[in-house]
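1. need a structure here:
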Amino acid sequence: MAHEKLIAEGKKALRKNIAPEEVEDYFLKKGMDKTEVKKAVNELKAERIVEENKKAAAEKRPQAVVSQNEKKSGLGLYILIFLAIAIAIFLFYYGIIPAGIFKMINFK
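-> Numbering: from 1, shown residues only. As a prediction, the model looks like this:
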């Protein structure tokens, strides 16, 4: 395209929330044809919509990932506690931990 610099300026303007109609008027004042202006403005609007959707999707993803991590860490804690109790019972049952260990504990 012959007006690449103008289109780059239009992208910057749309990122700064300037109305597309103002960008269209600016392009016409700089000497672009009406058909080129309509095509360029429509492409810029489409790019802006795509960028906004990507940002919205990116904002939603981290929240879902954090909630899944919290659930997994809570479940892991319960599994760890269960395994510790199971190992203690196993060691007591096979006689590695003597029954006299409870005599040393003061329950007062």
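2. Mind naming the longest helix for this structure?
-> Ranked by residue count and defined by DSSP state H, the top helix of the chain is helix 34-93.
3. Mind checking the pLDDT average for that one?
-> Averaged across helix 34-93, pLDDT comes to 80.
4. Who are the packing partners of that helix?
-> helix 4-15, helix 20-29 (3 or more C-beta pairs under 8 Å, 6 or more residues apart in numbering; DSSP states H and E). Backbone N, C-alpha and C define where each C-beta goes, glycine included.
5. out of the ones you listed, nearest to Ala40?
-> helix 4-15 (5.5 Å; C-beta to C-beta).
6. And the contacts of that closest one?
-> For helix 4-15, contacts defined as C-beta atoms under 8 Å, 6 or more residues apart in numbering pick out 1, 20, 22-23, 26-27, 30, 32, 40-41, 44-45, 47-48.
7. what do you get if the cut-off is 7 Å, keeping everything else the same?
-> For helix 4-15, contacts defined as C-beta atoms under 7 Å, 6 or more residues apart in numbering pick out 1, 20, 23, 27, 30, 32, 40, 44, 48.
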